[in-house]
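**Q** Have a look; sequence and predicted model below, questions after that.
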Amino acid sequence: MFRFKIDWPLFVGLIMLSAASMLVLWSAGGESTRLLISQGVRLGVAVVVMLALAQIRPDSLFRWTPYFYAVALVLLVLVLIVGDTGKGAQRWLDLGVIRFQPSEAMKLAVPMMVAWVLTRKTLPPSWQNLSLAIAVLVVPAILILKQPDLGTTILILMSGALIIFLAGFAWKHIGILAILGAVAAPIAYQFLHPYQQRRIQTLFDPWSDPLGAGYHTIQSMIAIGSGGAQGKGWTEGSQSQLEFIPERHTDFIFSVFAEENGFIGVVMLLLLYIVLTGRGLYIAYYTKDTFSRLLAGSLAMTFFFYVFVNIGMVSGMLPVVGVPLPLISFGGTSMVTLMAGFGILMSIHHHRSLMSH
């Protein structure tokens, strides 16, 4: 008899985050009913996708992974050829009834494909197998960087790097790659767009360009600091209500949340993120087959890395790279991708005793 598979700790935590998103979006969006309805519809679609993936066995996901990765790669190429442009970036495909970012699919396709490559051979991976995994990782990263979308590029590189780390790659080899990365960083910097270089420069002194590249960071830091311990109250944040915070319903929504809910609210939000991450790592730890264990570990840790990057970005500790706050920021494709990842975690958890990879 069919049994509907759902992991209740994950599900309840995700519903709590979604409820918080609705509240802060109502405030950040100027009490816009249209914005709230749009987010609600997208949330509904995301939940359906999550529950559908939770019913699929991980061994089926394993078989489909190369095809999923190939389709996502083709879509990235199409973006560069016929993609829609918005705010100076060519990131979207418009199919008439739906407009989406194929780069979001890579947030799932890359860790799945890297795990697929590494688990087909003995672990820890050999240099030959590792080279193939790195190629799987780097090719879509280059395509996404050309859009340009530095934030998503960083997230995708991290999701694949976490798989390699979890696969037991020797620390000395990780050290070698880290040194190579540090040496390559100044070279990579030269290939960044001027506005991206300026964002990195203003990280250390945003007041050097308070009306330009440093504006986002300065206004965001003012909002976060003015929240104090208890916050100013729902819809009472002056920085957000007077529209000093740019992108306040997307990338900088944490600033709105912090101003209205204060330090106490921020701590509660972070605890919720930590609980969800911890549950994902728990699922990974008790999973028997290698593919599922690597994938679950990467999905959980990458989710928290999203949180770390967004909060670091809006609080002036990291450059502004355009990463939304997971499941809080307004957005469609990113929400579906995140919920799909949690659906895969639920699938791995409920089928963990049936797998044999």
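**A** Nice, I can see it.
**Q** okay, CA-based contacts and neighbour counts for the rest of this
**A** Will do.
**Q** I'd like to know how many residues surround residue 299.
**A** Around residue 299 sit 28 other residues, with neighbours defined as other CA atoms under 10 Å.
**Q** where does the stretch 51-200 of the chain have low pLDDT?
**A** 87-88 (pLDDT under 70).
**Q** can you do 50?
**A** Nowhere does the stretch 51-200 of the chain drop to pLDDT under 50.
**Q** Let me see the ranges of the helices in it.
**A** 58-82, 102-119, 127-145, 150-166, 171-190, 194-204 (DSSP state H, counting those that start in this stretch).
**Q** what is the orientation angle of the longest one with helix 127-145?
**A** Think helix 58-82. Interaxial angle of helix 58-82 relative to helix 127-145 (axes from the mean of the first three to the mean of the last three CA atoms, to 10 degrees): 40 degrees.
**Q** One more: the last one?
**A** Helix 194-204 runs at 100 degrees relative to helix 127-145, counting by the same axes, to 10 degrees.
**Q** after the longest helix seen in the chain comes which helix or strand?
**A** Ordering each helix of the chain by length in residues (DSSP state H) puts helix 253-285 first. Moving toward the C-terminus from helix 253-285, the next helix or strand (DSSP states H and E) is helix 290-314.
**Q** Average the pLDDT values over that following helix and round to the nearest integer.
**A** Helix 290-314 carries an average pLDDT of 93.
**Q** Give me the contact list for stretch 16-34.
**A** 35-36, 39-40, 43, 234-235, 240-241, 248-249, 253, 256-257, 272, 327-330 (CA atoms under 8 Å, 6 or more residues apart in numbering).
**Q** Same question for stretch 67-86.
**A** By CA under 8 Å, 6+ apart, stretch 67-86 touches 90-94, 102-103, 105-106, 109-110, 113, 140, 143-144, 146-147.
**Q** and the helices of the stretch 51-200 of the chain as JSON lines, adding mean neighbour count and distance to residue 303?
**A** As requested, the helices of the stretch 51-200 of the chain are exported to JSON lines (neighbours: other CA atoms under 10 Å; distance: least, CA to CA, whole Å):
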{"stretch": "helix 58-82", "mean neighbour count": "17", "distance to residue 303": "19"}
{"stretch": "helix 102-119", "mean neighbour count": "25", "distance to residue 303": "10"}
{"stretch": "helix 127-145", "mean neighbour count": "17", "distance to residue 303": "18"}
{"stretch": "helix 150-166", "mean neighbour count": "21", "distance to residue 303": "9"}
{"stretch": "helix 171-190", "mean neighbour count": "11", "distance to residue 303": "22"}
{"stretch": "helix 194-204", "mean neighbour count": "16", "distance to residue 303": "23"}
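**Q** so the longest helix of the chain versus helix 290-314, what angle?
**A** Using the same axes, to 10 degrees: helix 253-285 against helix 290-314 is 160 degrees.
**Q** domains in the chain, as residue ranges please.
**A** Per the record, the chain has its domains at 1-55+194-351, 61-192, by automatic domain parsing.
**Q** Pull up the gap between the nearest residue to residue 146 once chain neighbours are set aside and residue 120, please.
**A** Spatial nearest neighbour of residue 146, chain neighbours left out: residue 80 (7.9 Å); criterion: CA to CA, 6 or more residues apart in numbering. In this view, residue 80 and residue 120 are 32 Å apart by CA to CA, to the nearest Å.
**Q** cool, residue 26 as well?
**A** 48 Å.
**Q** More neighbours: the two, which one.
**A** Neighbours were counted for residue 26 and for residue 120 using other CA under 10 Å; residue 26 has more, 18 against 13.
**Q** pretty sure residue 223 is in contact with residue 258, am I right?
**A** Yes: under the criterion of CA atoms under 8 Å, residue 223 makes contact with residue 258 at 7.3 Å.
**Q** Stretch 214-233: end-to-end distance?
**A** 27 Å.
**Q** start at 531 instead
**A** All set: I'll call the first residue 531, so the last point we hit is now stretch 744-763.
**Q** Looking only at that stretch, what residues are buried by neighbour count?
**A** 744-758, 761-762 (16 or more other CA atoms under 10 Å).
**Q** picking up where we left off before, drop anything exposed from the contacts of stretch 546-564.
**A** By 16+ other CA under 10 Å, the contacts of stretch 546-564 give 565-566, 569-570, 573, 764-765, 770-771, 778-779, 783, 786-787, 802, 857-860 as buried.
**Q** how much space between the residue nearest the centre of the chain and residue 807?
**A** A centroid search over the chain (CA atoms, centre = their mean) returns residue 836, at 4.5 Å, as the residue closest to the centre. Distance, residue 836 to residue 807, using CA to CA: 11 Å.
**Q** next one: residue 669
**A** From residue 669 to residue 807 the distance is 28 Å (CA to CA).
**Q** do residue 607 as well
**A** 32 Å.
**Q** what does residue 594 give?
**A** For residue 594 relative to residue 807 (CA to CA), the value is 26 Å.
**Q** now residue 865
**A** Taking CA to CA, one finds residue 865 at 16 Å from residue 807.
**Q** and the longest strand belonging to the chain, how far from the chain's centre?
**A** In the chain, with assignment by DSSP state E, the single longest strand is strand 619-624. Centroid displacement of strand 619-624 relative to its chain, using CA atoms, centre = their mean, to the nearest Å, is 18 Å.
**Q** One more: stretch 614-632?
**A** 18 Å.
**Q** Can I get that stretch in CSV? Just the C-alpha atoms.
**A** Output of stretch 614-632 as CSV, limited to C-alpha atoms (Å, rounded to 0.1, in the frame of the first residue of the first chain):
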residue,chain,number,x,y,z
ASP,A,614,16.0,37.6,-21.8
THR,A,615,18.0,40.5,-20.3
GLY,A,616,17.1,42.3,-17.1
LYS,A,617,19.1,44.8,-15.0
GLY,A,618,22.1,44.3,-17.3
ALA,A,619,22.2,40.5,-17.0
GLN,A,620,21.1,37.8,-19.4
ARG,A,621,19.8,35.1,-17.1
TRP,A,622,16.3,34.2,-18.1
LEU,A,623,14.5,32.0,-20.6
ASP,A,624,11.0,33.2,-21.5
LEU,A,625,8.7,30.3,-22.7
GLY,A,626,5.6,32.5,-22.9
VAL,A,627,3.7,31.0,-20.0
ILE,A,628,6.7,30.9,-17.7
ARG,A,629,9.9,32.9,-17.3
PHE,A,630,12.7,31.2,-15.3
GLN,A,631,16.4,31.1,-14.6
PRO,A,632,18.1,27.8,-15.8
